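**Student:** what follows is a protein structure lacking sequence information:
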């Protein structure tokens, strides 16, 4: 799975305007910072990185997998690839509502499927390391639940404006705090 995440990050970089495009017709070389493109780029890198770390956190506690768990993991990768498609759509349409909506939905689905993979594995003791306590199972579940919940929160903001949609991603901080508080 690490390869997929690495390829996703590299591909996000390829969506930035190429130097030849930026400099033609005397355009400002800092054009990539305009129209929210650079902000979207940063958000994309951060979100893919977060999902990568989460994947390592959950998979690092597995000692085995089975057919169902593998299928769930492949499904998560499918949604991450659809997220990448939606980033390209966003770049091509200058933050069209559909592109923003699609990014939120695909990340929410990828995240919830990842949570599902962890919950499935945690209910099958032969898949999880014996070193992981019941408390840690819940902590890991809650930590990987943060981003898909934040992605759900961003959905209505896609219909307001790209700026509000970008700002809505800050909800990940609040959701994470609330989930940690609920554990106590």
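**Tutor:** Looks like it arrived, so ask away. Quick caveat: nothing in here was measured; it's all calculated off a predicted structure.
**Student:** helices along this protein, start to end?
**Tutor:** Assigned by DSSP state H, the helices in the chain fall at 2-14, 19-23, 37-59, 67-93, 97-122, 134-158, 162-168, 171-183.
**Student:** pull out the buried positions in the first one.
**Tutor:** When neighbours are counted by 16 or more other C-beta atoms under 10 Å, the buried residues of helix 2-14 are found to be 4, 5, 8, 12. C-beta coordinates here come from the backbone N, C-alpha and C atoms, glycine included.
**Student:** what about it, distance to the chain center?
**Tutor:** Put simply, helix 2-14 sits 12 Å off its chain's centre (C-alpha atoms, centre = their mean, to the nearest Å).
**Student:** and the contacts of it?
**Tutor:** 41, 44-45, 48-49, 51-52, 55-56, 77, 80-81, 83-84, 87 (C-beta atoms under 8 Å, 6 or more residues apart in numbering).
**Student:** sorry, back to before: pLDDT added to the buried residues of helix 2-14, as JSON lines?
**Tutor:** Listed next are the buried residues of helix 2-14 as JSON lines, based on pLDDT from 0 to 100:
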{"residue": "4", "pLDDT": "79"}
{"residue": "5", "pLDDT": "81"}
{"residue": "8", "pLDDT": "81"}
{"residue": "12", "pLDDT": "78"}
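**Student:** now render those as JSON lines, adding distance to residue 148.
**Tutor:** JSON lines is the format used below for the buried residues of helix 2-14 (distance: C-beta to C-beta, whole Å):
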{"residue": "4", "distance to residue 148": "18"}
{"residue": "5", "distance to residue 148": "16"}
{"residue": "8", "distance to residue 148": "17"}
{"residue": "12", "distance to residue 148": "19"}
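**Student:** now tell me which helix or strand of the chain has the poorest mean pLDDT.
**Tutor:** Across the helices and strands of the chain, mean confidence by mean pLDDT, DSSP states H and E is lowest for helix 19-23: a mean of 59.
**Student:** weakest of the helices of the chain by average pLDDT?
**Tutor:** Among the helices of the chain, helix 19-23 has the lowest mean pLDDT, at a mean of 59.
**Student:** of all the helices of the chain, which one is nearest residue 128?
**Tutor:** Shortest distance between residue 128 and these, using C-beta to C-beta, is found for helix 97-122: 5.6 Å.
**Student:** pick out the most distant pair among the contacts of helix 2-14.
**Tutor:** 41 and 56 (22.9 Å).
**Student:** looking at these two, which is more packed in?
**Tutor:** Neighbour comparison, residue 41 and residue 56: the larger count goes to residue 41, with 19 against 13 (by other C-beta atoms under 10 Å).
**Student:** what about the more buried one, distance to residue 109?
**Tutor:** Distance, residue 41 to residue 109, using C-beta to C-beta, to the nearest Å: 22 Å.
**Student:** try residue 56
**Tutor:** 20 Å.
**Student:** appreciated, that's everything.
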